[in-house]
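Student: no sequence for this one, just the structure:
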């Protein structure tokens, strides 16, 4: 299988750069729609879940759900202070100390994204107790340049309840095969859905395939509660941008390193992966020479938590692209890991039929 690397990188860049806080995934969905044009019927629901029904689907066959989530860890404007700075709350899991001193985009009442800087109290004005105390969100603000609450509201058109997202632009280092950008968790997953459907164009399959780009995963896998009921799958592949561990654990515990292939987890906090389906996928990867990593996760979860418990139970695996520094402003991933994840998904789907699915 020879993929169009340039086309895939353009896809990844466009949806990585799009602004999509949980509940506000509109810009991301618009970009995915543009790149999925011609792959099949596109539908949306009120949660901004986007469904891509493969145009070669015939009905009355087992259904494969491809999952990825379109939201990103972000923030929301909670209040406007008298000095014009904005109080924010987190949407998704952040390490608080990673948040200040970064550029962000703040959506205003006109629907425009305006620039801001995440700020905290300068050390010059901190007491000794403040220097030693852990940073909390109550002491983090976003500065858009306003000098008063009135100016923030009337000139910058800021209002409470609006999303705030990292201001990061995707780059690719060809020499080292490294992608750097925001929201790789899980825009790499949404891109994987589109790339997989592209690679399956014209293929004669024994299954129908539906891609579902879910909203609000970062705030409790909410969108997938709806997509699995809508798609009603018989089997599923969850694409994820998984936190890489190769810079933060002992060498013998590394199971999600960049440049070692996608990661397939046996377990996480909310799903024990169907062991028969998991071993089938790992064996197929070995047979075809597709590099993969298998992992045992003691924490974390994916949309698989909801999907595998839907209907009468759905065999589900997670194919995760390792992302260094997930849930920060910047992620680092290898394009080869992305491509190998798509390759594995395509080869699995080509071999699926009612009997194979029934064996899981």
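Tutor: Received, thanks. Keep in mind it's a predicted model, so treat the numbers as computed, not measured.

Student: rest of the way, CA atoms for contacts and neighbours
Tutor: Fine.

Student: What segments of the stretch 201-350 of the chain are strands?
Tutor: Taking DSSP state E, counting those that start in this stretch to define them, one finds strands in the stretch 201-350 of the chain at 208-214, 235-243, 263-267, 293-296, 316-323, 331-334.

Student: Work out the gap between the last one and the centre of the chain.
Tutor: Think strand 331-334. 13 Å (CA atoms, centre = their mean, to the nearest Å).

Student: picking that back up, would you turn the strands of the stretch 201-350 of the chain into a markdown table with mean neighbour count and distance to residue 30?
Tutor: Output for the strands of the stretch 201-350 of the chain, formatted as a markdown table (neighbours: other CA atoms under 10 Å; distance: least, CA to CA, whole Å):
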| stretch | mean neighbour count | distance to residue 30 |
| --- | --- | --- |
| strand 208-214 | 28 | 12 |
| strand 235-243 | 27 | 20 |
| strand 263-267 | 23 | 28 |
| strand 293-296 | 17 | 33 |
| strand 316-323 | 30 | 23 |
| strand 331-334 | 24 | 22 |
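
Student: Tabulate those strands (a markdown table), appending mean pLDDT and distance to residue 184.
Tutor: Output for those, formatted as a markdown table (pLDDT from 0 to 100; distance: least, CA to CA, whole Å):
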| stretch | mean pLDDT | distance to residue 184 |
| --- | --- | --- |
| strand 208-214 | 98 | 14 |
| strand 235-243 | 98 | 6 |
| strand 263-267 | 98 | 15 |
| strand 293-296 | 97 | 18 |
| strand 316-323 | 98 | 7 |
| strand 331-334 | 98 | 6 |
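
Student: what's next to the helix or strand of the chain with the lowest mean pLDDT, contact-wise?
Tutor: Least confident helix or strand of the chain, by mean pLDDT, DSSP states H and E, is helix 128-132 with a mean of 90. The contact list for helix 128-132 (CA atoms under 8 Å, 6 or more residues apart in numbering) reads residue 123.

Student: ok, back up a step: redo the strands of the stretch 201-350 of the chain as TSV? Include distance to residue 77.
Tutor: Listed next are these as TSV, based on distance: least, CA to CA, whole Å:
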stretch	distance to residue 77
strand 208-214	23
strand 235-243	26
strand 263-267	35
strand 293-296	37
strand 316-323	27
strand 331-334	24
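
Student: out of the ones you listed, which comes closest to residue 178?
Tutor: strand 331-334 (4.7 Å; CA to CA).

Student: For that closest one, give me every contacting residue.
Tutor: By CA under 8 Å, 6+ apart, the list of residues contacting strand 331-334 from outside reads 177-184, 258-259, 321-325.

Student: cutoff 6 Å now
Tutor: Residues outside strand 331-334 that contact it (CA atoms under 6 Å, 6 or more residues apart in numbering) are 177-182, 259, 323-325.

Student: Also stretch 155-169?
Tutor: So stretch 155-169 is contacted by 17, 74-79, 103-109, 152, 181-182, 329 (CA under 6 Å, 6+ apart).

Student: Next, the distance between the ends of it.
Tutor: 27 Å (CA to CA, to the nearest Å).

Student: Stretch 71-85 now?
Tutor: 25 Å.

Student: Flag every buried residue along it.
Tutor: Residues of stretch 71-85 classed as buried by neighbour count (16 or more other CA atoms under 10 Å): 71-80, 84-85.

Student: Stretch 22-34 too?
Tutor: 22-29, 31-33.

Student: for these, which one is nearest residue 360?
Tutor: Distances from residue 360 to the buried residues of stretch 22-34, taken by CA to CA, are shortest for residue 32, at 31.5 Å.

Student: Tell me the bridge partners for the residue lying closest to residue 43 once chain neighbours are set aside.
Tutor: Excluding its sequence neighbours, the residue lying closest to residue 43 (CA to CA, 6 or more residues apart in numbering) is residue 51, at 5.1 Å. Beta bridges link residue 51 to residue 43, residue 212, judged by DSSP bridges.

Student: From residue 106, how far off is residue 51?
Tutor: In terms of CA to CA, residue 51 sits 28 Å off from residue 106.

Student: again with residue 310
Tutor: Distance of residue 310 to residue 106, computed by CA to CA: 36 Å.

Student: what's the answer for residue 217, then?
Tutor: For residue 217, the distance to residue 106 (CA to CA) stands at 21 Å.

Student: In terms of neighbours, single out the busier of those two.
Tutor: Just comparing residue 217 and residue 106: by other CA atoms under 10 Å the higher neighbour count belongs to residue 106, 30 against 25.

Student: Make sure that one is indeed in a helix.
Tutor: No: secondary structure of residue 106 (DSSP: H, G, I helix; E, B strand; the rest coil): strand, not part of a helix.

Student: Help me confirm that it comes into contact with residue 114.
Tutor: Yes: Residue 106 is within contact range of residue 114, at 5.2 Å (criterion: CA atoms under 6 Å).

Student: circling back to that earlier point, tell me which of the strands of the stretch 201-350 of the chain lies nearest to residue 118.
Tutor: Between residue 118 and those, the tightest spacing by CA to CA is seen for strand 331-334, at 18.4 Å.
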